[in-house]
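Novice: The following comprises the amino acid sequence and a computationally predicted model.
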Amino acid sequence: MEKAASPWYNRFISLEDGVAAMLTPRYYFADDFRVFYDYFLSQPHRETVFRKGDLLWRDGQPYDRIHYFLSGAAVHFAEHETGRRRIISFHGPGTVFPGYHTTDFRIELSLTTTALSEIHVLEFTIPQFQAMFESNSALAEQVVNWYAMYVNRFLFETVHQEFNSSRVKLCNLLYLLTMNQPANSGLVIEMTQEDLADILGISRVHITRELTELRRMGVLTTTRGRLTITDLPALAGLCTDETVYCMDHSNCSVRPCLLPRLHKPALL
């Protein structure tokens, strides 16, 4: 059931001058633990299947299982007491979720993870994963690196996105999603306007208004549940330096995922 790693997986990108471009924030986690697939298979576990819409663990309960995703995708979100939903992250094949730790946090009781499609996983208990963590130094290092990437996503939002206008927030998100999203569909983003609003924590009215303007600018087109980026360089020009990072743009016309920052976007 293991599939080849997605070409959109956002690793360090080696450049000709020997310098590596730094990782950008991500909302979708996949392939992070794929190299440990055979090792996971050799350890005590059980194979579990979740149907679309299933919860990966019960509401109001601390995490008591850790999953290695073989196929499918899930969305991780918080339900506020006001009824608002905030999407935190998406998780797909080759990743481990929830992350391994041995402490129960109260906030986890209000977090939910739901299957977006049928999901096949290798399921480990906390003691089973702890045994692997303590005996396999490479796995332990990757767990730490994974948490660093996860924390980076929150730092990006807290110390950067928080100060951007609605349009810049949306452009940053759309740009990052073209690099890394559950559908692995590149310039076609398989998400609704409500999903985008729930990720950014802004109203759907603001999302609709900004998408209308981006359509007028020729940056994208929209259909029901789908956005298509039609001018990626133009979208990148509306993003911030923290989102778009470039040290070599010789192939920008082919895949301008790391574009030169010529100017700061206007705060619209």
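Specialist: Nice, I can see it.
Novice: as a whole number, average confidence for the helix or strand harbouring Glu47?
Specialist: Using DSSP states H and E, Glu47 sits within strand 46-50. Averaging pLDDT along strand 46-50 gives 96.
Novice: Between the two ends of stretch 115-131, what distance do you get?
Specialist: End-to-end span of stretch 115-131 (CA to CA, to the nearest Å): 27 Å.
Novice: just the strands in the chain please.
Specialist: 13-14, 20-21, 28-29, 46-50, 65-71, 74-79, 85-91, 96-97, 111-115, 119-125, 188-189, 220-223, 226-229 (DSSP state E).
Novice: coming back round to it: who does the strand holding Glu47 pair up with?
Specialist: Strand pairing for strand 46-50, determined by DSSP bridges: strand 119-125 (antiparallel).
Novice: Output the partner strand as PDB, restricted to C-alpha atoms.
Specialist: Extracted as PDB, the C-alpha positions of strand 119-125 are listed here (Å, rounded to 0.1, in the frame of the first residue of the first chain):
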ATOM      1  CA  ILE A 119      -7.500   6.000   5.700                       C
ATOM      2  CA  HIS A 120      -5.300   2.900   6.200                       C
ATOM      3  CA  VAL A 121      -2.800   3.200   9.100                       C
ATOM      4  CA  LEU A 122      -0.400   1.200  11.200                       C
ATOM      5  CA  GLU A 123      -1.600   1.900  14.800                       C
ATOM      6  CA  PHE A 124       0.700   1.900  17.800                       C
ATOM      7  CA  THR A 125      -0.100   2.300  21.500                       C
END
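Novice: quick one: it to strand 74-79, angle?
Specialist: For strand 119-125 against strand 74-79, the angle by axes from the mean of the first three to the mean of the last three CA atoms, to 10 degrees is 70 degrees.
Novice: Okay, buried residues for strand 119-125 please.
Specialist: Residues 119-124 are the ones in strand 119-125 that count as buried (16 or more other CB atoms under 10 Å). Bear in mind the C-beta positions are built from the backbone N, C-alpha and C, glycine included.
Novice: out of those, who's nearest Asp38?
Specialist: Leu122 (11.3 Å; CB to CB).
Novice: if I look at the closest residue to the closest one other than its chain neighbours, how far off is Phe133?
Specialist: Nearest non-adjacent residue to Leu122, counting by CB to CB, 6 or more residues apart in numbering: Tyr68, 4.3 Å away. Here the distance between Tyr68 and Phe133 works out to 13 Å (CB to CB, to the nearest Å).
Novice: Which one of those two is surrounded by more residues?
Specialist: Using other CB atoms under 10 Å, the more surrounded residue of Tyr68 and Phe133 is Tyr68, with 23 against 19.
Novice: That one against Gln128, yeah?
Specialist: No: the pair Tyr68 / Gln128 is not scored as a contact, 11.3 Å apart, by CB atoms under 8 Å.
Novice: Nearest to Arg167, out of the strands of the chain?
Specialist: Here strand 220-223 is closest among these (CB to CB), at 12.5 Å.
Novice: so how far is the closest one from its chain's centroid?
Specialist: 21 Å (CA atoms, centre = their mean, to the nearest Å).
Novice: tell me the mean pLDDT over that strand?
Specialist: pLDDT averaged over strand 220-223 gives 93.
Novice: what do Tyr68 and Gln128 both touch?
Specialist: His45 (CB atoms under 8 Å, 6 or more residues apart in numbering).
Novice: And the helices in this structure, which stretches?
Specialist: Using DSSP state H, the helices assigned to the chain run over residues 37-42, 126-135, 137-159, 166-179, 193-200, 204-216, 232-237.
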